[in-house]
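1. Turn this into a structure:
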Amino acid sequence: MNKNFINIYNFLINYTRNKELYRSLNRNDNFSDRLTLFLLHFAFFLKNFKNDENKELLQKIYDFNFRQLELSIREIGYGDQSINKKMKVYINLFHSMVSEIHFWDDLNRTMKIEKLSIFLEDFNKIDKFVDYFEDFKEKLSKKNLNYLLKGVREV
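-> As a prediction, this is how the structure comes out:
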């Protein structure tokens, strides 16, 4: 099943690599920027597929993705103690994102901009990110989880 989970991870990474997402930065993007966008994509992914039927599978995907993130941090060269601290920060950030977008569909545009601004403080044109994540959410809603687990490249 891990092979299927890597498909989901790579799917989210591919969206995170979209260079258009980083054009509104006044500097070069860094690992933290990419991680933030990855976590936002992942939060919308989990929100879309969350239901009682998928609960156990989504937990496995969650565990797998955070293991992959930990491996990425190790590759950068952080030591074990630093990795534990970083992972705690990233997991807390992710849970904050999930909490903030939980009622996404009930929010007006201004409130959506405010929610994304919390996590994208170094980015300009947050309204473009609202459109982007609305589109991402719409694309996700047209697919089922098994379709994505099989490694289909595009939503």
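2. From here on, just use CA atoms for contacts and neighbour counts.
-> Fine.
3. Contacts only, for R34.
-> T16, R17 (Cα atoms under 8 Å, 6 or more residues apart in numbering).
4. which element is it on?
-> Taking DSSP states H and E as the criterion, R34 maps to helix 31-49.
5. would you put the C-alpha positions of that helix in CSV?
-> What follows is helix 31-49, C-alpha atoms only, in CSV (Å, rounded to 0.1, in the frame of the first residue of the first chain):
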residue,chain,number,x,y,z
PHE,A,31,12.0,25.1,2.0
SER,A,32,9.7,26.7,4.4
ASP,A,33,7.6,28.3,1.7
ARG,A,34,7.3,25.0,-0.2
LEU,A,35,6.5,23.1,2.9
THR,A,36,3.7,25.6,3.8
LEU,A,37,2.2,25.2,0.4
PHE,A,38,2.5,21.4,0.5
LEU,A,39,0.7,21.4,3.9
LEU,A,40,-2.0,23.6,2.6
HIS,A,41,-2.6,21.3,-0.4
PHE,A,42,-2.6,18.4,2.0
ALA,A,43,-5.1,20.0,4.3
PHE,A,44,-7.5,20.6,1.4
PHE,A,45,-6.9,17.1,0.2
LEU,A,46,-7.8,15.6,3.6
LYS,A,47,-10.8,18.0,3.9
ASN,A,48,-12.1,16.8,0.6
PHE,A,49,-11.8,13.1,1.2
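6. quick one: buried residues of that helix?
-> 33-49 (16 or more other Cα atoms under 10 Å).
7. okay, now the closest residue to L116 other than its chain neighbours: neighbour count?
-> If the residues on either side of it in the chain are set aside, L116 comes closest to I126, at 7.0 Å by Cα to Cα, 6 or more residues apart in numbering. Using other Cα atoms under 10 Å, I126 has 19 neighbouring residues.
8. Contact partners for I126?
-> The contact partners of I126, by Cα under 8 Å, 6+ apart, come to I113, L116, S117, L120.
9. Now tell me what touches the lowest-mean-pLDDT helix or strand in the chain from outside.
-> Ranking every helix and strand in the chain by mean pLDDT, DSSP states H and E puts helix 145-149 at the bottom, with a mean of 84. Residues outside helix 145-149 that contact it (Cα under 8 Å, 6+ apart): N4, F5, N7, I8, F49.
10. does the fourth one sit in a helix, a strand or a coil?
-> Think I8. In terms of secondary structure, I8 is helix; the call rests on DSSP: H, G, I helix; E, B strand; the rest coil.
11. which non-adjacent residue is nearest it?
-> L149 is the one closest to I8 (Cα to Cα, 6+ apart), at 6.1 Å.
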